[in-house]
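Trainee: Structure, please.
(chains A, B and C)
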Amino acid sequence: MTIALHIPLYLVLAPLLVGVIRKTKAFLSCRRGSPVWQPYADLWKLFRRGIVRSRTASWVFDLSAPVVLGTSLVLVSATPLWSRGVPLSMPFILYIYLMALPRFFQTLAGLDTGSAFGGLGASREAGVSAMAEPALVLTLCGLAFLGNSDAVDGMLKGIPAGRLLWRPEVILLAGTLFLLLLAENSRIPVDDPATHLELTMIHEAMVLDHSGVDLGMIQLASALRLTAFSALITAALFPGSLSLPPALAIPSAAARIAVSGVAIGVVESAMARMRLSRVASYLLVAATIAALALAVHFAGPEATS
Amino acid sequence: MEFLFLFPFSAAVAALLARSPGQAAAGSILGAVGLFACTVRQALALPVEVRGEFLRLDELGAYFLFIVAGVNVVCSVYSYGYFRREMEGGHIGPSKTRMYHVWINLFVLSMVLVVCAHHLALQWIAVEATTLFSAPLIYLHGDRKGMEAAWKYLLICSVGIAFAFLGVIFLSRAAGDIPLTFSALAAGREKLDPRFVRLAFLFFLVGYGTKMGLAPMHTWLPDAHSQAPAPASAMLSGVLLNCALLAVLRVAPAVPGAYASPLLILFGIASIGVPALLAAVQRDLKRLLAFSSIENMGIIVLGIGFGGAARPAALLHVLNHSIAKVLLFLVAGDIILRFGTQRIQRIRGIFRQTPLSGFLLFGGILAIAGSPPFGGFWSEFGILVGGIAGGHLTASLIYLVLLAVLFGSFLVYGSDMAFGEGTPRKLTAPELWCLVPAAALLVCSLWLGLHVPSGFYKALERLSTTIAFS
Amino acid sequence: MNTLTVLLLLLGIHLAVTERIRPAIRSLAIQGALLSLLPLSDSAGETWRAATLCLATFSVKSVAIPVILSRAVSKLGIGQESEALISTKAIVLLTGSLALAAFLICSRFGLAGQELLGAAAGLTLIFSGLLTMTTRVKAVSQVIGFVVLENGIFLFGAASGSAFSLPIELGIFLDLFVAVFLMGILMFKIQRAFTHMDVRKIHTLKD
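Mentor: Predicted coordinates for the structure are as follows:
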């Protein structure tokens, strides 16, 4: 039963996360903003609309949105959110590839439409994710060493419990994951999801030509990936929350997702978008911190006491 | 022993309160003479005098202190006439001259502390203090070149001394429970952790070697010593480098010789090689002298590295170099003042125009190049003999070749300046306050070259056993 | 203690990488404050000594030196950019590699556990201080690099457990303070003489 609830829970919490982020940003800029459940309404609206499609696009374009949603669903079914058991126990290398697959199809779809902005967004997105790759691999390696397992659910299960302050490498890895969350999910300071200036977009420009059901699927998929990252971070920081009884676990999952939504919203409101040339340094710093976390971990088991 | 510190300190205070540069200079001279007298008295009261576990004046310290005090007397007498001339010429103001005396006496105070320090960390504090008190001397004139030189000096020497502190940390790690005084370290040398001792010595050599002017950490030396006023350059070259050397020598008994000797020989050869290459292209007189300081420090370090019979010769070279270098800087200061330029090409035919200065300059150049009949010859020769006897044949050969190259360069410069053809200039009269101390130093160098008292050499041999490696 | 060390390490990376001077000075102040907590965590000493050291470290490294530096920055009209001779990406990569090298070196020496962490963090700060001193263009950045170097040596010494008597430690702090003070004065004079702080252009003396 717990396994069956996994994906529906994600589907419910993902738009909530987007809503919380938007609400936080609105609150911090002294606006009332749209209600927290607005993303649900947006998705409902999009799923009932028809698709407007470029005549020069090929089957790749048609395929991309379902593939993106499908792989994101597989991804979230491997990420522990509210219990230690997950439908799919996946080695982290496969996890990383599953993150790359939707991006690959989105890039192709962006190029397929033949529009300039599609190509622009696609090339930028490809560049950012290529630079984020070392950081991502190092971080997940670090978590794997920490949790003594190479499966994503296993590594989170295996993180030693204890007071957070006394486990610096966990904080470092969680921090790096947060930096990567901002980079991979196109948040400020890497990409502004709310901008309307196409020349400054990365992700949004790439998906500019999707509409209707396709757009709905892609937006849902982005929200799912954002929720997956947040689940990883909060599970690493609070490993005990994965062992709660089911009655407490679901509210705790919702609470954790909400808190991470507020955190992302605060970070987005506090910073401005970086120049594109600075994104590489940002990601290199994330990789350096991840490497350092590994080094700190190998400094010896006594170091983490 | 407290008077050793009291004299320079009160001279600094007197200079601060003085109302004219003349008064400040008088205070300096009195303080210097007092310090010298005190040194002689302490030297007679040896072998050891202890104040707590931090301060201790032993024979080695007394030897170096004697050099510090003697050079201080000479330079303070010189600085009276020198700064009077500079003020007349409008190159410097009276308040800056007073500040010179303040800084120079504080500088001497810190050097006395270096020599008398018995605890590793206290010695470190004192060496850092010497850097801090000598930096204002370099940019005393307030011009651009002085700023640049002082900046490089402060930054590079501070980094070097920071590395030396790493050496102190390593040595304290190696020593464990043994207190960090030199006698305790020498006595407990078997109990020291060998890995950390070796690391510590490396960092000491690199760190204090930066202060000493060993290549490749020497880059600050030519700038700093050429931009400071002449008596300050003399003190920097003549005694400060010695104090940095002493800091390295004090740790020597705790370090295994097999590890230390190759390092010292390497740094020594490098420090002689770099000036050998660059001396030929120098255009500034004081810069040339600064490179000569680097070379001589390299020779001393090489001698310590060779060990055996070369060590007492190296210690003798410390004295010879100080005498000759201070002499040269003082004479150069006088010449630069009267010729109005530091460029070697424009200083020609000194002997014809002012025979005393020319004689002193040429004699000084011969002395620093290690030519007989001056003292430097015997100490450099002794190091060569020690090197061959110790089996370091390649190093000795390279040493000989480099010495020859430097000898040639200096001789060319010296004869060009003293006897060359040049446009005659209208020169001011020689300043006796400046030239008499220089002449006295030349006489000392000559005396050491003609006859080294055997008792003195025996004492040096005894001293060299105290700094022998373990 | 470990979290403290890791925070110091992170601050060191920030200092090495940042392209503006004021955030660098702020990080330096925070680093000084964290370093002053180190003597307190060494529970084996007497409380007086620990408290005095804590106070001395804080006042020198967290108050006095950042004040001198920020006064230099504001009074001299030095721009905020901290230009470097190599690109920021290269600096990030170099700092990361130096940090890993520091960990490797320290583990080779048989240190382990908390000591290894502290020593490696100290060594990283030393390396990054040297890197800042050699690759930055402004004279202020060179002083910042020097202070980072000293912080690294302090951390290294604290991790190796070397303890000196109180007067010696205070003497060491006094030395550091006077050194930075002198550098501050010299920066003023340089700015007045050269009207810029670009060390690439301060190169009149050469062979």
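Trainee: so who does the most centrally placed residue in chain C touch?
Mentor: Of all residues in chain C, the one closest to the mean position by C-alpha atoms, centre = their mean is C:Val148, 1.2 Å from it. Contact partners of C:Val148, counting by C-beta atoms under 8 Å, 6 or more residues apart in numbering or on different chains, are C:12, C:15-16, C:28, C:31, C:125, C:128-129, C:132. All C-beta atoms are positioned from the backbone trio N, CA, C, and that covers glycine.
Trainee: And C:Ser70, by the same measure?
Mentor: Contacts were defined as C-beta under 8 Å, 6+ apart; by that measure C:Ser70 touches C:22, C:25.
Trainee: and with 6 Å instead?
Mentor: Taking C-beta atoms under 6 Å, 6 or more residues apart in numbering or on different chains as the definition of contact, the neighbours of C:Ser70 are C:Ile25.
Trainee: gap between it and C:Ala179?
Mentor: Applying C-beta to C-beta, to the nearest Å, the value for C:Ser70 to C:Ala179 is 17 Å.
Trainee: What of C:Ser160?
Mentor: With distances taken as C-beta to C-beta, C:Ser160 is found 23 Å from C:Ala179.
Trainee: and what of B:Phe362?
Mentor: Distance from B:Phe362 to C:Ala179, counting by C-beta to C-beta: 41 Å.
Trainee: Compare these two and say which is more crowded by neighbours.
Mentor: When neighbours are counted by other C-beta atoms under 10 Å in any protein chain shown, C:Ala179 comes out ahead of the other of B:Phe362 and C:Ala179, with 26 against 19.
Trainee: Give me the neighbour count for residue 15.
Mentor: As the question left the chain open, I've gone with chain A. A total of 23 residues lie near A:Pro15 under the criterion other C-beta under 10 Å.
Trainee: wrong chain, I was asking about chain B
Mentor: The criterion is other C-beta under 10 Å. On that basis, B:Ala15 has 26 neighbouring residues.
Trainee: pretty sure it is touching B:Trp103, no?
Mentor: No: using C-beta atoms under 6 Å, B:Ala15 is not in contact with B:Trp103; the gap is 8.8 Å.
Trainee: how close does B:Glu354 sit to chain C?
Mentor: You called it Glu, but residue B:354 is Thr. Counting by C-beta to the nearest C-beta, to the nearest Å, the gap from B:Thr354 to chain C is 28 Å.
Trainee: Quick one: distance of stretch B:85-96 to the chain centre.
Mentor: Relative to the mean C-alpha coordinate of its chain, stretch B:85-96 is positioned 26 Å out (C-alpha atoms, centre = their mean, to the nearest Å).
Trainee: what's the answer for stretch A:227-237, then?
Mentor: 9 Å.
Trainee: Now for chain A, the helix or strand with the poorest mean pLDDT.
Mentor: Using mean pLDDT, DSSP states H and E, helix A:152-157 stands out as the lowest-scoring helix or strand of chain A, at a mean of 86.
Trainee: Just the CA atoms of that one, as CSV, please.
Mentor: Taking only C-alpha atoms (Å, rounded to 0.1, in the frame of the first residue of the first chain), the coordinates of helix A:152-157 have been written out as CSV:
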residue,chain,number,x,y,z
VAL,A,152,19.3,6.2,-4.2
ASP,A,153,17.0,4.9,-1.6
GLY,A,154,19.7,2.9,0.0
MET,A,155,22.1,5.8,0.4
LEU,A,156,19.4,7.9,2.1
LYS,A,157,18.5,5.1,4.4
